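Asks: no FASTA, just this:
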């Protein structure tokens with residue numbers, strides 16, 4: 001029986017030694033900065049969010065950006081309309097120029113609308129869109145309606 005007890009006693013000491021080393025390893029990790037390394041991804045995300053969404057400059061610029069994009073679409077529509085009115089009394093050379101300008105303005109309008117819609121769908125920007133502005137702009141609509149910033 002003495003040999004069996006001695007084997008159990010040795011196994012207990014070996015098991016206890018392994019547990020003690022594991023505990024010392026965890027304590028050492030925290031003492032020497034391991035906890036900072038483990039939590040770095042979370043802290044980085046929180047810091048990034050605070051630097052952007054929590055920033056007053058970000059909130060204000062994002063709020064204004066929605067108005068600017070909507071206004072850019074409206075400005076392109078106005079320029080297209082003015083060029084179409086001019087086209088009727090223009091020379092053949094000028095009509096070609098007008099047609100090219102209208103095509104460019106249509107592309108610019110669609111780009112502004114797509115940019116607006118993309119930013120309106122972004123989770124970190126959407127809360128800063130004015131409630132009077134539409135959620136999405138329609139590129140197929142002939143006229144874009146935007147609220148006027150007060």
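Replies: Received, thanks. Worth saying up front: this structure is predicted, and the values here are computed from it rather than measured. Numbers count the residues shown, from 1 in each chain.

Asks: for the helix or strand hosting residue 93, what is the average pLDDT?
Replies: Using DSSP states H and E, residue 93 maps to helix 92-121. Helix 92-121 comes out with an average pLDDT of 93.

Asks: list the buried residues for that helix?
Replies: Residues of helix 92-121 classed as buried under the neighbour-count rule (16 or more other Cβ atoms under 10 Å) are 98, 102, 105, 108-109, 112-113, 115-117, 119-120. The C-beta positions use only the backbone N, C-alpha and C, and glycine is treated the same way.

Asks: now do stretch 132-150
Replies: Per 16+ other Cβ under 10 Å, stretch 132-150 contains these buried residues: 133-134, 137, 139, 144, 146.

Asks: gap between it and the chain center?
Replies: Remark: stretch 132-150 is offset 21 Å from the chain centroid, using Cα atoms, centre = their mean, to the nearest Å.

Asks: repeat that for stretch 62-80.
Replies: Stretch 62-80 sits 20 Å away from the centroid of its parent chain (Cα atoms, centre = their mean).
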